[in-house]
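Got a predicted structure here, sequence first:
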Amino acid sequence: MGPNVTWYVAVASFLFGIGALGVMLRRSPLIILLSLEIMLNGANLAFIAFSRHHGHLDGQVFALAVMAVAAAEVVVGLGLIVAMNRRQLVLDVDKLSTLRG
Amino acid sequence: MIIASWVCLFAPLGATVAITLGGTRWTRRGAGRLATASVFVSFIAAAVAFFSMLGRDTGDRSHLSTAWTWLAAGNFHVGLSILVDPLSIFMMLVVSGVGALIVGYSIGYMDGDDEERRYFAYMALFVFSMLLLVQAGNLLLLLVGWGLVGLCSYFLIGYHHERPAAVAAAKKAFIMNAFGDATMALAFFLLIQKTGSLEFAASFQWAGGAAGTWAVNLVALGLLGGAVAKSAQLPLQTWLPDAMEGPTPVSALIHAATMVTAGVYLLVRAAPIFERAAHVQQLAAGLGAATLLLAGFIALVQVDIKRVIAYSTMSQIGYMFLGAGLGAYANAMFHLMTHAFFKALLFLAAGIVIHALVGEQDMRKMGGLRRFLPRTYVAFLVGALALTGIPPLSGFFSKDSILASALAAGWYGDLLFAAGLVGAFLTGLYTFRMLFLVFGGEPSAYAREHFHQAERNEPWLWMGLTVGALTVLSVIGGWIQIAGLWHPLTDFLKPAAEPLVEPSGLQDLLASLGAVSLGVAGALLAWSIYGTRRIGVPSARPLRALLEHKFYFDEAYDLLFYRPAVRLAQSLRDSVERPLVQGSLTGIAAGARRVGTEVTELQTGVVRTYAFAIAGSVAVLALVFVWVK
């Protein structure tokens, strides 16, 4: 049966925490995108772990959906970054604050 | 009889609809011909109904015909119904007959006007409204006609909408009439509460059993308010002279066939209610007497030819109110008819004069027109003689029959009789003053300069023919009833309105002698002042000022109603509108803006703060969930 579900959830939380910290602390949009991916994968891991634990397939289906969303998000995110680069903007999210109220 | 009456009612409405829908597809003169034809069809239908009614027994002459239930609310039903009885047939004949002549005359008078089609559509609608009013089979339908008549008068008085004075006069007429409509509506509400219906029969029956109660008095007072407003009697008379802003045939239609006679008709139609409220009926007679004196005096100093005729209308309607208020219903209706003839004649003849002088209405600039317009002079003279009540013209028979009835009505009647005699003197004076000023003497410089001969074309023919027909009617119109000898009209109207007073032969003689001699005296005085100029115009400055200001009614109403209303409105604007309504809206807007400014501070534009906010919120939520569980 492998390890107890607790371990999986612990690893998933760890991954999610690393991702969240990355999103909050880093300035480069590329790294933030990477951190987002890590958060999503942490969540996915939790889904699958619980799916196995409860013997339901719902969690696995959800994980597939999350992967699809993650792929789409990367496309949009990378597109944005390429566009920023083309316009010769500084790749620093703290400087991009024109939406300030 | 019934079918003819329905045709009579709806023919003019058909013309209105056709002209309105047809628009420019009608030639201008075509619209006029159609309107005239439709009113004439009405007249033919009314005549057919009249003769088929003559063929019936006296007891079988009143019929209520209902087309469908027009309004239903719970137990309250009102049908679209017409009442065909001697009274309504009589009114139908007068309205459509005189109306057809006036609309026909308009083809000539309005020829070349830019908006002739609109004019004729309104004219036909006006006749329809009046027919609806007189044929209405219940009080609600009567009120509908009543309101429509007021609306049409508004349209037509303000026909020259580019002239501010005309628009103001139209509004004045409408508002004064609306006041009367309101008192009538209040009377109807009371009737509905008491009887649960607005049928004539039911309300008359109720009035019969409730004589002298406050309810009957209030209902009668409400109806009298409507009649007074529509007929321009004291104290709601001020709109009528201003209504002269409309085209001359409109004045003729308002004064002769439609509108102002409606009040007299109502007094006679609702006689069973008024008779049970004797004081209100006496009040109506008193108001009539007061108005006939007041209007007679004011007419003495007017310089506008149409205004003189307008005041004479007020005065003559005063006679009718006097008669109807004393219960001499047939005599009042008789005077209504003869008055329709000679008043239409006077207006239309005045219209020819105004036309010939290129729109000038000031009598001071006229004079000596007898030489230029000999035939119009004859027509006008006939009208003036009939108005003054000189035998054997129509006005003599009808006016004197009213005065004789007043003599037969006790001390109150004697008082009104005296007023009527003074009125007869004034009538002679102002009528012949007008005649001599306009037609007498040598042609004035203005008349010489501006007179232009009308071309003898089709419009001219229309005007001449209709004035000629009215001249004949003004002469012979009175012969259908000769006091003491021959009274078919009284007999005909008896089933609808039984007269309350029956003057004796002596009283008839006395009234005629008094009225004719005073009328002639007035005319002679006018002749010596304005004809031969043997007597100078009396100066009497304060009196003249009083008359020229029409007894200061306009000024008094301005002071009593208009100014306080404006002041109230202004103070409401300053103390309620501005601080409360406007202030609260401004406050709400300012508050929203301030909150918005403060909330924008949260938007830093830095992704990091948003991420922190989200993470923090999720963490707090997670803690809350765990803790609550």
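Arrived safely, thanks for sending.

pretty sure B:Phe396 contacts B:Ile402?
No. If you go by Cβ atoms under 8 Å, B:Phe396 and B:Ile402 don't touch, sitting 11.5 Å apart. In this view, the C-beta of every residue, glycine as well, is placed from N, C-alpha and C.

and stretch B:40-58, which residues are buried?
B:40-50, B:52-53 (16 or more other Cβ atoms under 10 Å in any protein chain shown).

so, if you compare the residues you listed, which one comes nearest to B:Phe126?
B:Ser42 (12.2 Å; Cβ to Cβ).

Leaving out the residues flanking it, which one is nearest to the closest one?
Excluding the flanking residues, the one nearest B:Ser42 by Cβ to Cβ, 6 or more residues apart in numbering or on different chains is B:Ser96, at 3.9 Å.

May I ask which helix or strand encompasses that neighbour?
Using DSSP states H and E, B:Ser96 maps to helix B:86-109.

Quick one: mean pLDDT for that helix?
Mean pLDDT, computed over helix B:86-109, is 86.

Quick check: A:Met84 vs B:Ala545, distance?
91 Å (Cβ to Cβ, to the nearest Å).

These two - which one has more neighbours?
A:Met84 (15 against 11; other Cβ atoms under 10 Å in any protein chain shown).

State the distance from that one to chain B.
From A:Met84 across to chain B, the span is 13 Å (Cβ to the nearest Cβ, to the nearest Å).

try A:Lys95
Taking Cβ to the nearest Cβ, one finds A:Lys95 at 9 Å from chain B.

That residue - that's part of a helix, no?
No. Counting by DSSP: H, G, I helix; E, B strand; the rest coil, A:Lys95 is not part of a helix but coil.

tell me what the single longest strand found in chain B is packed against?
The longest strand of chain B (DSSP state E) is strand B:63-73. For strand B:63-73, the elements it packs on are helix B:2-22, strand B:76-84, judged by 3 or more Cβ pairs under 8 Å, 6 or more residues apart in numbering or on different chains; DSSP states H and E.

give me the low-pLDDT residue ranges for chain B?
Along chain B, segments meeting pLDDT under 70 span B:454-456, B:483-485, B:536, B:539.

which helix is the longest one in it?
Using DSSP state H to define each element, chain B has its longest helix at helix B:164-195.

Buried residues, it. List them.
Quick answer for helix B:164-195 (16+ other Cβ under 10 Å): B:166-167, B:169-170, B:172-174, B:176-177, B:180-181, B:183-188, B:190-191, B:194-195.

Contacting chain A as well, which ones from those residues?
Applying Cβ under 8 Å from any Cβ of the partner chain to the buried residues of helix B:164-195, one finds that nothing falls near chain A.

So what angle separates the directions of the host helix or strand of B:Leu156 and helix B:2-22?
Element membership for B:Leu156, per DSSP H and E: helix B:139-157. Angle of helix B:139-157 versus helix B:2-22, following axes from the mean of the first three to the mean of the last three Cα atoms, to 10 degrees, is 40 degrees.

by how many degrees do helix B:139-157 and helix B:164-195 diverge?
Using the same axes, to 10 degrees: helix B:139-157 against helix B:164-195 is 180 degrees.

from the chain's centre, how far out does helix B:139-157 sit?
Relative to its chain's centre, helix B:139-157 lies at 9 Å (Cα atoms, centre = their mean, to the nearest Å).

Keeping just the C-alphas, turn it into CSV.
Taking C-alpha atoms only, helix B:139-157 is exported to CSV below (Å, rounded to 0.1, in the frame of the first residue of the first chain):
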residue,chain,number,x,y,z
LEU,B,139,-73.8,61.5,-17.3
LEU,B,140,-70.3,59.9,-17.8
LEU,B,141,-70.5,60.1,-21.6
LEU,B,142,-71.8,63.6,-21.2
LEU,B,143,-68.6,64.4,-19.2
VAL,B,144,-66.6,62.9,-22.0
GLY,B,145,-68.2,65.1,-24.6
TRP,B,146,-67.8,68.0,-22.1
GLY,B,147,-64.1,67.4,-21.8
LEU,B,148,-63.6,66.9,-25.6
VAL,B,149,-65.3,70.2,-26.3
GLY,B,150,-62.9,71.9,-23.9
LEU,B,151,-60.0,70.2,-25.6
CYS,B,152,-61.1,71.2,-29.1
SER,B,153,-61.6,74.8,-28.0
TYR,B,154,-58.0,74.6,-26.7
PHE,B,155,-56.8,73.4,-30.1
LEU,B,156,-58.8,76.0,-32.1
ILE,B,157,-58.3,79.0,-29.9
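
just checking, what packs against it?
When contacts are defined as 3+ Cβ pairs under 8 Å, 6+ apart, helix B:139-157 packs onto strand B:76-84, helix B:116-135, helix B:164-195, helix B:214-230, helix B:261-269.

List the buried residues in the helix ranked longest in chain A.
The helix spanning the most residues in chain A, taking DSSP H as the definition, is helix A:58-86. Neighbour-count burial for helix A:58-86, counted by 16+ other Cβ under 10 Å, picks out A:Gly59, A:Phe62, A:Ala63, A:Ala70, A:Gly77, A:Ile81.

now that helix: mean pLDDT?
pLDDT averaged over helix A:58-86 gives 92.

what helices or strands is it leaning on?
Helices and strands touching helix A:58-86, as assessed by 3+ Cβ pairs under 8 Å, 6+ apart, comprise helix A:29-54.

Could I get the average pLDDT for the helix it packs on?
92.

Now do that helix against helix A:58-86, angle only.
Interaxial angle of helix A:29-54 relative to helix A:58-86 (the same axes, to 10 degrees): 180 degrees.

Mind listing what's buried along helix A:29-54?
Buried residues in helix A:29-54, counted by 16+ other Cβ under 10 Å: A:29, A:32-51.

Give me the sheet partners of the longest strand of chain B and which way each runs.
strand B:76-84 (antiparallel) (DSSP bridges).

Could you find the closest non-adjacent residue to residue 15?
Using chain A here. A:Gly42 (3.3 Å).

think we crossed wires, I meant chain B
Nearest non-adjacent residue to B:Ala15 (Cβ to Cβ, 6+ apart): B:Ser38, at 3.5 Å.

distance between the host helix or strand of that neighbour and the chain's centre?
B:Ser38 is part of helix B:28-54 when elements are defined by DSSP H and E. Its chain's average C-alpha position is 21 Å from that of helix B:28-54, according to Cα atoms, centre = their mean.

Run the angle between that helix and helix B:86-109 for me.
Using the same axes, to 10 degrees: helix B:28-54 against helix B:86-109 is 160 degrees.

So which elements touch helix B:28-54?
Packing contacts for helix B:28-54, counted by 3+ Cβ pairs under 8 Å, 6+ apart, involve helix B:2-22, helix B:86-109, helix B:116-135.

switch to 10 Å and redo it
Here helix B:28-54 touches helix B:2-22, strand B:76-84, helix B:86-109, helix B:116-135, helix B:458-476, helix B:488-493, going by 3 or more Cβ pairs under 10 Å, 6 or more residues apart in numbering or on different chains; DSSP states H and E.
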